[in-house]
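Chemist: predicted model, plus sequence, below.
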Amino acid sequence: MSFGGAPEIRATRAQVWQALLDPNTVAASASAIQSVEAQDPTHFTVVAGLGIGALKLKFKLNAELFDIVEGQSAKLRARGKAPGSTLDVVTSFDLEEAGPGVIRLHWKADSEVGGTVASVGARLLEGTSRRLAEEFWRDFADSVSRSAAAG
């Protein structure tokens, strides 16, 4: 599955970049994330719940930031398992000036799922995954914009 978007954030590049690299800020925007533990500045252990229809799973993921171009772009790879299921996601993001005090955050996510969660049906799985990703980036953009406005 592959999808993406480009929300605009009313903040400076530095504010957006700092928020992207802060696991607590990121986790606060992701309703599925139950906990994040930083191993070092680029490696994290994430526990996330995923519900698709009647199926509810708890994934333990190892996440890593890589291909980092300071203040500009990076990628995040998250791999993990839940009972009977696997998840592998690579998300890339790139910051672009979109006007005075506005940053456009281009993001793209590619994911592969296997096992029980994949057996639910491709359309249901893709729809849920797309909705969660779009909600995350919209909530992240709104949160960073509010934080920047508050000063």
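Modeler: Yep, it's here.
Chemist: mind checking how far the most far-flung residue of the chain relative to its centre is from residue 71?
Modeler: Ranked by distance from the centre of the chain (C-alpha atoms, centre = their mean), the top residue is residue 100, with 25.7 Å. Distance, residue 100 to residue 71, using C-beta to C-beta, to the nearest Å: 18 Å. For glycine as for every other residue, the C-beta is placed from the backbone atoms N, C-alpha and C.
Chemist: assumed residue 34 was part of a helix.
Modeler: No: with DSSP: H, G, I helix; E, B strand; the rest coil as the criterion, residue 34 is strand rather than part of a helix.
Chemist: tally up the residues packed near the nearest residue to it once chain neighbours are set aside, please.
Modeler: Leaving aside its sequence neighbours, residue 34 sits nearest to residue 47 (C-beta to C-beta, 6 or more residues apart in numbering; 4.6 Å). Using other C-beta atoms under 10 Å, residue 47 has 16 other residues around it.
Chemist: specify the beta-bridge partners of residue 47.
Modeler: Taking DSSP bridges as the rule, residue 47 bridges to residue 35, residue 60.
Chemist: for this structure, what's the longest helix?
Modeler: helix 122-150 (DSSP state H).
Chemist: that one - contacts with which helices or strands?
Modeler: In terms of contacts (3 or more C-beta pairs under 8 Å, 6 or more residues apart in numbering; DSSP states H and E), helix 122-150 is packed against strand 2-5, strand 8-9, helix 13-20, helix 23-29, strand 43-52, strand 102-115.
Chemist: distance of residue 86 relative to residue 146?
Modeler: Distance from residue 86 to residue 146, by C-beta to C-beta: 36 Å.
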